[in-house]
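Chemist: here is my input, please return the structure:
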Amino acid sequence: MTESSTAGARLRGSIGVTGIVFLVIAAAAPLTAVGGALPLMIGLGNGAGAPTAYLVAAAVLLVFSVGYAAMSGHLDEAGAFYAYVRSGLGVSAGIGAAGLALLTYTAIQAGIYGLAASTVEELVVHYGGPDLPWYIYAFALMAVVAVLGYRNIELGAKVLGVLLVVEIGIIVALSAAVLLHGGAHGIDTVSFTPSAFFDGSPGVALMFAIASFIGFEATAIYGEETRDPRRTIPRATYLAVLTIGALYAVASWAVVLAFGSDDVAAAAGDDPEGLTFTAARLFLGESAADLMSILLVTSLFAALLAFHNAISRYGYALARDGVGHPALGHIHPRHGSPHKASLAQTLSATLVVGTFALAGADPVRHLFTWMSGLATVAILLLMLLTSVAIIAFFRRTGLDRRRWHTVLAPTLGTAGLLVVTALVIDNFTTLVGGSAIVATTLLAIVAATFGIGAAIARKRRATTSVS
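Modeler: Numbers count the residues shown, from 1 in each chain. Modelled structure (predicted):
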């Protein structure tokens, strides 16, 4: 195969269930969720009921996964959500969905570059290093991600595997230490009661919980690079959602117990950035808390690499389908990777992060907060489209007659996603830092992205019919 061949070409790889699960969990960035999102869920959301919010989010995604996994047996393209929506709802909706996917992953990756760079900057200064601008660290991280993203997916999966084992290890160690020591005031299950879940603002908690699962689509994105897509993708999908949901629920419960169910909301309000690290200091010691701060950087790096791979494969899938520049559809002759789409992704990340840097924006308050909020709404709308597309696809084709897999579960998943989406939009101003103008602008960008994608598809169809 020459580098320029694209027609009928497919990505190469032999990644298995474990490798894909690593990629999905890496995108979820568990330590970032437990150390960053969880304190906000507790302080701004429903206090001690935060663990249940993770269980509700996992339940919604598990029901959604039934139809998603069923459809993966008939489509194993690198575009995943895009390919599913295109097959179920038509090309216009499919291209619109692709726009939402690119927006989601580009936004969340750019936001994580800001958070990661800020974290590295603080660590360097803490340990006596120079006080350099945050964007220096952002571009340094970008260079490493670019090198790994250019290569075969299996190399990236191995790197992520090592980082994730250590990252999850410290989360499990903290959870075990809190539970073994009985927390601050003993072990209780208040966090899993309906009254705790509905206390305060459960919508805000659900919003952060569902955002912690972004990257979930990766189980199907790598379909072409797996050994046996029909078996690997469904297994990886269920395993990833169950693992992430269980890890978040137990870890968040442990953090609640570390301060006490009655006192944790006040503690999170007083110190949202340091809540989880304070728990580690109390129950694991100062050294463990310092290690956790360092592992937060590796957690963020793993997420950056996972999202880079996802965006590259979307660019490749679109180019292969005749949307976007044809060069992005090239496959590296030796690595079997979408190397030119990978380079384009690095360029887009450079432009977004560079724009915020030139504007003098804060890497966390502006870049991370705004972009993660934008990504949360976009991914929810994308999943809603996918869920509806699954129902339409099986109704039209009759390829799978199992009602639970093709009608009932997708319908329940759609209903659950609608509720979560409504809650997120209702609390969106809070998610992006309290500015109604910023919230309205970001929501407009999401709507415009889908509309532009659908318009491009209609224009291509009109041009083709005329010619």
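Chemist: any regions of the protein where pLDDT drops low?
Modeler: 1-14, 76-79, 152-157, 160, 217-218, 220-225, 227, 332-333, 335-336, 462-467 (pLDDT under 70).
Chemist: so for it, which residue is the most central one in space?
Modeler: Taking C-alpha atoms, centre = their mean, the centroid of the chain lies closest to residue 214, which sits 2.2 Å from it.
Chemist: three-state assignment of it?
Modeler: Following DSSP: H, G, I helix; E, B strand; the rest coil, the label given to residue 214 is coil.
Chemist: residues in contact with it?
Modeler: Taking C-beta atoms under 8 Å, 6 or more residues apart in numbering, we find residue 214 in contact with 27-28, 104, 108, 375-376, 379. In this view, the C-beta of every residue, glycine as well, is placed from N, C-alpha and C.
Chemist: separation between it and residue 374?
Modeler: Applying C-beta to C-beta, to the nearest Å, the value for residue 214 to residue 374 is 11 Å.
Chemist: same deal with residue 177?
Modeler: Here the criterion is C-beta to C-beta. By it, residue 177 lies 36 Å from residue 374.
Chemist: for residue 360, same thing?
Modeler: 20 Å.
Chemist: ok, now residue 448?
Modeler: 12 Å.
Chemist: same check, this time on residue 91
Modeler: In terms of C-beta to C-beta, residue 91 sits 25 Å off from residue 374.
Chemist: who's more crowded, these two?
Modeler: Legend: neighbour count by other C-beta atoms under 10 Å for residue 91 and residue 374, higher for residue 374 (28 against 18).
Chemist: which SS state does the more buried one fall under?
Modeler: With three-state DSSP as the basis, the three-state label of residue 374 is helix.
Chemist: these two touch, right, it and residue 100?
Modeler: No: applying C-beta atoms under 8 Å as the test, residue 374 and residue 100 come out as separate, 10.6 Å apart.
Chemist: give me the common contacts of these two.
Modeler: Listed as contacting both residue 374 and residue 100 by C-beta under 8 Å, 6+ apart are residue 446.
Chemist: what is whichever strand or helix holds residue 142 packed up against?
Modeler: Assigned by DSSP states H and E, residue 142 belongs to helix 134-150. Counting contacts by 3 or more C-beta pairs under 8 Å, 6 or more residues apart in numbering; DSSP states H and E, helix 134-150 packs against helix 91-126, helix 153-181, helix 286-320, helix 339-358.
Chemist: want to throw the ones you listed into a markdown table with distance to residue 426?
Modeler: Shown next, in a markdown table, are those (distance: least, C-beta to C-beta, whole Å):
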| stretch | distance to residue 426 |
| --- | --- |
| helix 91-126 | 20 |
| helix 153-181 | 30 |
| helix 286-320 | 27 |
| helix 339-358 | 27 |
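Chemist: if we ignore the residues flanking it in sequence, what's nearest residue 200?
Modeler: Among residues not flanking residue 200 along the chain, residue 46 sits closest, at 4.3 Å (C-beta to C-beta, 6 or more residues apart in numbering).
Chemist: and that neighbour, how many neighbours?
Modeler: Applying other C-beta under 10 Å, we find 24 residues neighbouring residue 46.
Chemist: do the same with the one 4 residues further on
Modeler: Other residues near residue 50 come to 35 when the count uses other C-beta under 10 Å.
Chemist: quick revisit: residue 436: which of the contacts of residue 214 is nearest?
Modeler: Using C-beta to C-beta, residue 376 comes nearest to residue 436 of those, at 17.1 Å.
Chemist: quick one: contacts for the closest residue in space to that closest one that isn't next to it in sequence?
Modeler: Spatial nearest neighbour of residue 376, chain neighbours left out: residue 211 (4.4 Å); criterion: C-beta to C-beta, 6+ apart. By C-beta under 8 Å, 6+ apart, residue 211 lies in contact with 37, 372, 375-376.
Chemist: which of these sits closest to residue 404?
Modeler: residue 376 (28.6 Å).
Chemist: on that earlier part again, which of the contacts of residue 214 ranks first by neighbour count?
Modeler: residue 104 (31 neighbours).
Chemist: verify the stated contact: it with residue 375.
Modeler: Yes: taking C-beta under 8 Å as the definition, residue 104 is a contact partner of residue 375 at 4.7 Å.
Chemist: ok, back up a step: now the contacts of residue 211 in a markdown table, with distance to residue 419?
Modeler: Shown next, in a markdown table, are the contacts of residue 211 (distance: C-beta to C-beta, whole Å):
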| residue | distance to residue 419 |
| --- | --- |
| 37 | 20 |
| 372 | 21 |
| 375 | 19 |
| 376 | 15 |
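Chemist: what is the nearest of those residues to residue 270?
Modeler: Of all the contacts of residue 211, the one sitting nearest residue 270 is residue 37; the distance, using C-beta to C-beta, is 17.4 Å.
Chemist: my guess is the closest one contacts residue 208. True?
Modeler: Yes: using C-beta under 8 Å, residue 37 is in contact with residue 208, at 4.7 Å.
Chemist: of those two, which one has the most company?
Modeler: Just comparing residue 37 and residue 208: by other C-beta under 10 Å the higher neighbour count belongs to residue 208, 28 against 22.
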